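Visitor: Okay, sequence plus prediction incoming.
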Amino acid sequence: MLTQHSFAIIRLGWSIILLFAIGMAHANESPIDAPKTEPLNKWNYNLFNPTPRELMREMNTDRPDQTESPYTVDAGHFQVEMDFVNATFDHDRSNGGDTRTEVWTVAPLNLKAGLLNNVDLQLVLDTYAQERTDDHVENAVDETSGLGDLQTRLKINFWGNDGGSTAMGIMPFVKWPLSKSGLRNGKTEGGVIVPFSWGFAKGWSMGAMTEFDFVSNDANGYDTEFVNSITVGYELTDKLGMYLEYFTVTGSAPGFKLQGQVDVGWTYALTDNTQLDLGCNFGVTDAAPDYNPFAGLSLRF
């Protein structure tokens, strides 16, 4: 039986499908307000034959919003995206409980290498995390810290890397089964992400993402989680930008409750290859964390 939350997810899913359809219709258009030029032939470059600096595309990142980018790192070049610090706070009073949870992560990294003109390889590592849970009903405190999860992701751009008002890609990923700890479940998990981007007006852009995750459960099987998001960005100046995002997670596990967040953030380009960011994700459903502030840095070389 479909619930109100299920209908919300279906509506969001159809919205993303519509965006993809618009993108397909406009995939061959030139960027807004840009002169028509012959597309660059960059397909002969690879990890061992790097793209010349003068032919590199504008730096694009998968942060700070939660919607991934369809753009890849230029062949033969590398990119580091990281948080200086990232904190998550949640107060759960469901089912008569009273639990507060704080999670701090320090310098989580996304290391990227451009393999081909439209393919990059990513290594995502939670370098250090600390979690504290205070149960005020049981008068108990649980703390754990250490190395988090390790993921490998492969991003493939279908179109739009080097021109056009739209771009789309696909990104399969796997989480490796590091030994079980208070922060890691010790299981192999994975999924696939489909990101989309559309520059629909001068200074304005929109991104959308749909994602399917296969998550281990307590019965030694797997449940499926579904992630959908839409983000709108605006360039305030040549260097300063901002975005507003809606992000949701639902799942097939019995009793899974919709997690919804509204996110806001800013980016500042120090140079063509260096970007700072700052933002916060706010929970708008009971199952989502209350808020998640962060600040980070992206470097390309």
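Guide: That came through fine.

Visitor: hang on, isn't Val103 packed against Tyr128?
Guide: No. Contact criterion CB atoms under 8 Å: Val103 and Tyr128 do not qualify, at 11.5 Å. C-beta: built from backbone N, CA, C; applies to glycine.

Visitor: ok, these two, which is more surrounded?
Guide: It is Val103, of Val103 and Tyr128, that has more neighbours when counted by other CB atoms under 10 Å, with 19 against 15.

Visitor: for that one, what are its contacts?
Guide: The contact partners of Val103, taken as CB atoms under 8 Å, 6 or more residues apart in numbering, are Ala87, Thr88, Ala129, Gln130, Glu131, Arg132.

Visitor: Each with direction, which strands does whichever strand or helix holds it pair with?
Guide: Element membership for Val103 (DSSP states H and E) is strand 99-106. As defined by DSSP bridges, the strand partners of strand 99-106 come to strand 78-92 (antiparallel), strand 128-135 (antiparallel).

Visitor: Could you pull up the mean pLDDT of that strand?
Guide: Averaging pLDDT along strand 99-106 gives 96.

Visitor: From the chain's centroid, how far away is that strand?
Guide: 20 Å (CA atoms, centre = their mean, to the nearest Å).

Visitor: Quick check: buried residues in it?
Guide: Residues of strand 99-106 classed as buried by neighbour count (16 or more other CB atoms under 10 Å): Thr99, Arg100, Thr101, Val103, Thr105.

Visitor: If we ignore the residues flanking it in sequence, what's nearest the first one?
Guide: Okay, so that is Thr99. Asp92 (4.7 Å; CB to CB, 6 or more residues apart in numbering).

Visitor: show me the contacts for the one you found.
Guide: Residues in contact with Asp92 (CB under 8 Å, 6+ apart) are Asp98, Thr99, Arg100, Thr101.

Visitor: Okay, the first one and Asn292: tell me how far apart.
Guide: Looking back up the chat, that one is Asp98. Applying CB to CB, to the nearest Å, the value for Asp98 to Asn292 is 21 Å.

Visitor: Okay, buried residues for stretch 133-144 please.
Guide: Using 16+ other CB under 10 Å as the test for burial, stretch 133-144 gives Thr133, Asp134.

Visitor: mind checking the end-to-end distance for it?
Guide: 9 Å (CA to CA, to the nearest Å).

Visitor: now stretch 170-190
Guide: OK, stretch 170-190 end separation, CA to CA: 14 Å.

Visitor: Could you do stretch 166-183 as well?
Guide: Its start and end residues considered, stretch 166-183 measures 38 Å (CA to CA).

Visitor: ok, Gly207 - how many residues close by?
Guide: 23.

Visitor: again with Asp62
Guide: 23.

Visitor: And the pLDDT at Asn41?
Guide: At Asn41, pLDDT is 84.

Visitor: so what's Asn185 up against?
Guide: Contacts of Asn185 were listed using CB under 8 Å, 6+ apart, and they are Ser216.

Visitor: Let me know the secondary structure of it.
Guide: Per DSSP: H, G, I helix; E, B strand; the rest coil, the local secondary structure of Asn185 is coil.

Visitor: Show the backbone phi and psi for Arg53.
Guide: Taking degrees, to the nearest 10, you get phi -50, psi -40 for the backbone angles of Arg53.

Visitor: buried sites along stretch 272-280?
Guide: Using 16+ other CB under 10 Å as the test for burial, stretch 272-280 gives Gln275, Leu276, Asp277, Leu278, Gly279, Cys280.

Visitor: Between the residues you listed, which sits nearest Gly265?
Guide: Nearest to Gly265, judged by CB to CB, of the buried residues of stretch 272-280 is Gly279 at 2.4 Å.

Visitor: how near is that closest one to Thr101?
Guide: Gly279 sits 20 Å away from Thr101, taking CB to CB as the criterion.
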